[in-house]
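# Generate a structure from the sequence data that follows.
(one chain, ligands or ions: 1)
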Amino acid sequence: MHSMASIKTWFTDFYNVLSPRFCAICGEKLNTTEQKICSACLIRLPYLRRTDFLDNEVSRLFWAKIPIERGHSFMYYHKKGPSHELVMKMKYNHRPDLCQWIGSMMARDLVQKHYFEGIDAIVPVPLHWIRFIERGYNQSYYISKGISDVTKIQVSTSWAKRIKNNETQTHKTASERLINVKDAFQARSRIPARHILLVDDVTTTGSTLIALALAILKENPDVVFSVLTVGKALD
Ligand SMILES: [Zn+2]
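Numbering: from 1, shown residues only. Model prediction:
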């Protein structure tokens, strides 16, 4: 019997023989039902599993610093293990497809929890142009695009830009990080949105997202924010 589904599976199998697909985390061959990450690795990811988006370890980073509505991260980001492997692939292995896929996966879960209610636009953390040329793409843009595919909320890359090339925050304390990214961003005025979702790959102390929000607020004092990142790193 040849239903459309079995023909589709046959073509997928055939495609895999010609171009085998591998798990972005462990490197094992994916089976036909798996996409990007194998089911064994998906189970092993250290998910945050929060349902209170107003008060959790992500949203609390922003309290009293910017007008914050909701905050969440998909998983904890550890210095080794599957979460580290995933973020390294997203950033340094030219995998915009992986970023977009993760964005959609996060969004499908969060849509059911009303995470995106009232949000007018998504702003990915911009890369400095030098970094953009080095990497070839902005990972946060593709995460945002994946979220937009599910939510249909527009992604805006023209409202803010990064004017200081200081992405590396490793080995810095919370206050050093804040000073490091201060004035890193510049935003335009009269942004046609009230509630903006800021998106980044990983946050530690929230300093980059806070600096971006402050730059937007400087020109648009009535804007409020929610934040969403793939990883939440520990200090
Ligand atoms: Zn795997």
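# His94: neighbour count?
Taking other Cβ atoms under 10 Å as the criterion, the count of residues near His94 is 12. Backbone N, C-alpha and C define where each C-beta goes, glycine included.
# can you check Leu234 too?
Summarising burial for Leu234: neighbours were counted as other Cβ under 10 Å, giving 9.
# That one against Thr204, yeah?
Yes - with contacts counted by Cβ atoms under 8 Å, Leu234 reaches Thr204, the gap being 7.5 Å.
# do the longest helix that the chain contains and the ion meet at all?
In the chain, with assignment by DSSP state H, the single longest helix is helix 96-112. No - counting by Cβ under 5 Å from the ion, no contacts exist between helix 96-112 and the ion, the nearest distance being 12.5 Å.
# What lies in contact with that helix?
Outside helix 96-112, the residues within contact range by Cβ atoms under 8 Å, 6 or more residues apart in numbering are 24, 35-36, 72, 74, 86, 89-90, 116, 137, 139-140, 142-151, 199, 201, 228, 230.
# Surely Lys232 forms part of a strand?
Yes - for Lys232, which was evaluated using DSSP: H, G, I helix; E, B strand; the rest coil, the result is membership in a strand.
# Glu219 contacts Ala213, correct?
No - contact between Glu219 and Ala213 fails when scored by Cβ under 8 Å: they sit 11.6 Å apart.
# So between those two, which is more surrounded?
Ala213 (26 against 15).
# which ones are touching that one?
62, 65-66, 198, 225.
# List the neighbours of stretch 218-228 that are in contact with it.
If you take Cβ under 8 Å, 6+ apart as the criterion, stretch 218-228 is touched by 53, 58-59, 62, 66-74, 106, 110, 115, 119, 147, 187-191, 193-200, 203, 206, 209, 213, 216-217.
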